[in-house]
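**Q** got a sequence here, can you build the structure:
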Amino acid sequence: MDLAKICNVDKNLLDNKIKELLENDQSFPTHLKDQLYKLIFSSGKRIRPIFTVLGSYFGDNNKEEVYKLAAIFELIHTASLIHDDIIDKADTRRGNQTIHTQNGVYNALILGNYLVALTSEYISNYDFENLYYNSFKVTDLCESEINQQSLLFNFNITFREYITKTKNKTALLIAASMLGGAKLSGVSKRTLKILYNYSINLGISFQIFDDILDFTQDKEILGKPNGADLMNGNITLPVIFSLTDKKIASKIRLLNENSSFEEFNNCINCILKSSAIEKSKKISKKYINKAMKAIVKLNHPKKQMLIDIIKELEKRTF
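**A** Below you'll find the predicted structure:
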């Protein structure tokens, strides 16, 4: 899945802008910077910055400034990954040791917080207040994580609660990235609304498919064990659908943080054999269709890129 190629994103320029943002702080410890570089430049998909650049195509594209903003969104995402890995007690990320396993939780938290502070300083230079306050808040991402923690091993989570969590945790940052590039390029309010509806639905679909891959993808490619979300108590859509199957629901509901690997693995295999994965794919497709519907009335030569992204995501295998 090469979204950068579809969107004609200059990866070298983007990477250089990320490095520039980090190099501006001369007091930043070299060993921590090296670990950040390893995390950021180890085969990440660059979804958020790609959407920033894509959003800019619908206005007057100021390439240098747009790529700087795109780099900021990648650093915001990186901060969330560091914090997520701590919360999930993950040992690896993209095949490498996670930051907190290398430096300890305390130092990793400080590093994640540093990135949040750094990106807040940078993004405060842009006139985005009205745009973001009307669409979403920066705190939505944090609130979604708090909400997720309160729902750990809660097998009574509803479909609506799951979608809300998915929207706030993943889709909003993707939408914010796209609208940032669009706003910076002077896109009209009408087009901003269209791009928001497109990206928010695409983001939800993207996360649902991530949750499916957590069960179906080869663990060597995924970089973590199959069913890691369930082992961490995160109840995703495949699990929610599995809980409607009386044959396996009772087994799943017995799981808790003290359950053995064998108990988790048994439930994971049951989920894979059930209809839950196919049902989840249908919901992912539903949000893909919503994204396509959002751009029906968009009249712009770059519209085809939005369609091509949808087609590419539908073929996604990792």
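
**Q** so what's the nearest residue to Thr98 once chain neighbours are set aside up against?
**A** Nearest-residue entry for Thr98: Asp85, 4.2 Å, with adjacent residues in sequence omitted and distances by C-beta to C-beta, 6 or more residues apart in numbering. Using the backbone N, CA and C atoms, a C-beta is placed for each residue, glycine as well. When contacts are counted by C-beta atoms under 8 Å, 6 or more residues apart in numbering, Asp85 touches Arg93, Thr98, Ile99, His100, Ala108.

**Q** residue nearest the centroid of this structure?
**A** When C-alpha atoms, centre = their mean is applied to the chain, the residue found nearest the centroid is Thr170 (4.2 Å).

**Q** secondary structure element for the nearest residue to that one once chain neighbours are set aside?
**A** Spatially, and ignoring its direct neighbours in sequence, Thr170 is nearest to Gln207 (4.0 Å; C-beta to C-beta, 6+ apart). Assigned by DSSP states H and E, Gln207 falls within helix 189-216.

**Q** packing partners of that helix?
**A** Packing partners of helix 189-216 (3 or more C-beta pairs under 8 Å, 6 or more residues apart in numbering; DSSP states H and E): helix 47-56, helix 159-166, helix 172-184, helix 228-231, helix 237-242, helix 261-273, helix 276-294, helix 303-314.

**Q** let's go with 6 Å and repeat that
**A** Helices and strands touching helix 189-216, by 3 or more C-beta pairs under 6 Å, 6 or more residues apart in numbering; DSSP states H and E, are helix 172-184, helix 237-242, helix 276-294.

**Q** and it, how far out from the chain's middle?
**A** 9 Å (C-alpha atoms, centre = their mean, to the nearest Å).

**Q** for stretch 146-156, buried residues please.
**A** Gln148, Leu151, Phe155 (16 or more other C-beta atoms under 10 Å).

**Q** so which of those residues belong to helices?
**A** Gln148 (DSSP state H).

**Q** reformat the buried residues of stretch 146-156 as TSV; add distance to Gly59.
**A** Shown next, in TSV, are the buried residues of stretch 146-156 (distance: C-beta to C-beta, whole Å):
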residue	distance to Gly59
Gln148	35
Leu151	39
Phe155	46
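
**Q** from the buried residues of stretch 146-156, pick the one nearest Gly233.
**A** Leu151 (8.2 Å; C-beta to C-beta).

**Q** what residues does that closest one make contact with?
**A** Ile157 (C-beta atoms under 6 Å, 6 or more residues apart in numbering).

**Q** how close does it get to Lys165?
**A** 7 Å (C-beta to C-beta, to the nearest Å).

**Q** coming back round to it: most neighbours among the contacts of Asp85, which one?
**A** Counting neighbours by other C-beta atoms under 10 Å, Ile99 leads the contacts of Asp85 with 26 neighbours.

**Q** please name the nearest non-neighbouring residue to that one.
**A** Nearest one to Ile99, counting by C-beta to C-beta, 6+ apart, is Ala108 at 4.5 Å.

**Q** doesn't His100 make contact with the one you found?
**A** Yes. Using C-beta atoms under 6 Å, Ala108 is in contact with His100, at 3.6 Å.

**Q** give me the common contacts of the two.
**A** Ile86.

**Q** burial measure for Val9, as a count.
**A** The burial count for Val9: 21, using other C-beta under 10 Å.

**Q** figure out the helix or strand that it lives in.
**A** Secondary structure (DSSP H and E) places Val9 outside all helices and strands.

**Q** and for Leu36?
**A** Judged by DSSP H and E, Leu36 forms part of helix 30-40.

**Q** list the helices and strands that helix packs on?
**A** Partner elements for helix 30-40 (3+ C-beta pairs under 6 Å, 6+ apart): none found.

**Q** which other residues reach that helix?
**A** Thr78, Ile99, Leu111.

**Q** only alpha carbons, please: show that helix as CSV.
**A** Extracted C-alpha coordinates of helix 30-40, given in CSV (Å, rounded to 0.1, in the frame of the first residue of the first chain):
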residue,chain,number,x,y,z
THR,A,30,21.4,12.7,21.2
HIS,A,31,20.7,9.2,22.4
LEU,A,32,17.0,10.0,22.7
LYS,A,33,17.0,11.7,19.3
ASP,A,34,18.6,8.6,17.8
GLN,A,35,15.9,6.3,19.2
LEU,A,36,13.2,8.7,17.9
TYR,A,37,14.7,8.6,14.5
LYS,A,38,14.7,4.8,14.6
LEU,A,39,11.0,4.7,15.5
ILE,A,40,10.0,7.4,13.0
